[in-house]
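1. Could you look at this predicted model? Sequence included:
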Amino acid sequence: MTALRVAVVPGDGIGVEVIAEAVKALRAVATAAGRSIRTTDFDWGAEKYLATGVTLPPGALEMLQGEFDAILLGAMGDPRVPDNRHAADILLGMRFRLDLYVNYRPVRLFHEKLCPLKGVTPAQVNLTVFRENTEGLYVMMGGNFKKDTPDEVATEIDLNTRKGVERIIRHAFEFARARGRTRVVMADKSNVLIHAHDLWQRAFRAVASEYAGIEASHLYVDNLALQLVRDPGQFQVVVTSNMFGDIVTDLAAGLQGGLGMAASGNIHPGRLSLFEPVHGSAPRFAGKNVANPMGAILTAGLMLEHLGWAEEARRIEDAVRWAVEEDRTTADVGGKLGTKEVGEAIAARLKG
Ligand code: NAD
Ligand code: IPM
Ligand code: MN
């Protein structure tokens, strides 16, 4: 039996604590299934960068591609690195250079008590956001002119390619078809971004025409933000640009109970992919055993689902739902337990 080979990059702040619990869940679910997962830790992050100047070591991507089935990452971000230079190299570096064009962010409410909206049930918060993950405003193209003078000019280019836009939109429709979803919404700002988001509009219409039976509609992203709060139940699949997807998925995490509950995958179908919770390194919470590990544990579940371990992935999700129902949770979602205690309760459930 070949073991699943997972590269683990805990990263910074609470990333370290939540990933430890996600790894416990992976071990527990594998043991219970009589299967094997081999994890290898990589210390890439702020500490290493500050000590050595190294962010993503040379040859790292080739090594990952040659030796691993998936990457599990905690978070990148440290107040001692104010420009987030290491995160740009490590996290965005992997997204761009491994061409992980699908940022897959399922939004699920596990229990009514976690949702800040009145009377909203789990059935009404069950959507998937597909965020374009390799271009848009994230490409770091732009520059300064007359920097540090009163006449300073700064630009940031929003890069959109027909190929890049089309492939994420197509992925959203393929997902909808595979999962029996009947509606796909694209969120853009084509009323103002008359070049870039006109491209999104045209690509969306062209791809949608290939998917009979799936209702394709469009919302301006500001209206999407409103509609997600007003009536999240109207959404099944949402596809949007890199920056809008970043913002919309923090809002959507709020519907799930907060950032501590939100999971994601950075995927190139058929290739080495990277899985990480939606949240960041939450420096204020770091080292205090208070961070919610559920987003990271659910992320480990998404990773297994992606690698074809469907039953184990389902068991992880069920174990998290059980822990929520039993109030085996951290304070951010109303509980009294620490990070470790939640992780251990879930691992014990998975073993049993
Ligand atoms: P953050 O996600 O780290 O935290 C925002 C707030 O969300 C926290 O103050 C906390 O109240 C809550 N929160 C987040 N995760 C939680 C958890 N697991 N349990 C309980 N509560 C949780 O975002 P931020 O404060 O904007 O950013 C902090 C650092 O993280 C920055 O350096 C930022 O660039 C980085 N960041 C990294 C990633 C990533 O690596 N994927 C994602 C977002 C932010
Ligand atoms: C996320 C994060 C990252 C992003 C940061 C840390 C670069 O906020 O994964 O949502 O903006 O994509
Ligand atoms: Mn974000």
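-> Noted; the coordinates are in hand. Ligands and ions are numbered 1, 2, ... in the order given.

2. out of everything not next to it in sequence, what's closest to the spatially most central residue of the chain?
-> When Cα atoms, centre = their mean is applied to the chain, the residue found nearest the centroid is residue 264 (2.6 Å). In this structure, residue 264 finds its nearest non-sequential neighbour in residue 105, 4.6 Å apart by Cβ to Cβ, 6 or more residues apart in numbering. Any C-beta I mention is one placed from the backbone N, CA and C, and that applies to glycine too.

3. does the one you found count as helix, strand or coil?
-> What DSSP: H, G, I helix; E, B strand; the rest coil gives for residue 105 is strand.

4. follow-up on the earlier one: pretty sure the residue nearest to the centre of the chain is in a strand, no?
-> Yes: counting by three-state DSSP, residue 264 is found in a strand.

5. give me every residue that touches it.
-> Residue 264 sits next to 103-105, 249, 275-278, 299, 302 when contact means Cβ atoms under 8 Å, 6 or more residues apart in numbering.

6. Now restrict those to buried residues only.
-> 103-105, 249, 275-278, 299, 302 (16 or more other Cβ atoms under 10 Å).

7. residues touching the residue nearest to residue 327 when sequence neighbours are not counted, list them.
-> Nearest residue to residue 327, sequence neighbours excluded (Cβ to Cβ, 6+ apart): residue 335, at 5.2 Å. Applying Cβ under 8 Å, 6+ apart, one finds that residue 335 lies in contact with 327-329, 342.

8. just residue 254 next, same as before
-> So residue 254 contacts residue 116 (Cβ under 8 Å, 6+ apart).

9. secondary structure class for it?
-> helix.

10. From ligand 1, how far off is it?
-> Distance, residue 254 to ligand 1, using Cβ to the nearest ligand atom, to the nearest Å: 10 Å.

11. Make residue 1 into 31 and carry on from there
-> Got it, the first residue is 31 from now on, which makes the last one we talked about residue 284.

12. quick one: contacts of stretch 298-306?
-> 94-95, 98-105, 121, 124-125, 128-132, 201, 293-297, 329-330, 332-333, 336.

13. how long is that stretch end to end?
-> End-to-end span of stretch 298-306 (Cα to Cα, to the nearest Å): 14 Å.

14. what's the offset of that stretch from the middle of its chain?
-> 12 Å (Cα atoms, centre = their mean, to the nearest Å).

15. model confidence over that stretch, on average?
-> The pLDDT scores in stretch 298-306 average 98.

16. anything in it near ligand 2?
-> No: Stretch 298-306 stays clear of ligand 2 (Cβ under 6 Å from any ligand atom), getting no nearer than 6.8 Å.

17. Could you list the buried residues of that stretch?
-> So, applying 16+ other Cβ under 10 Å, buried residues of stretch 298-306: 298, 302-306.

18. touching ligand 1 at all, that stretch?
-> Yes: against ligand 1, stretch 298-306 shows contacts by Cβ under 6 Å from any ligand atom at residue 306.
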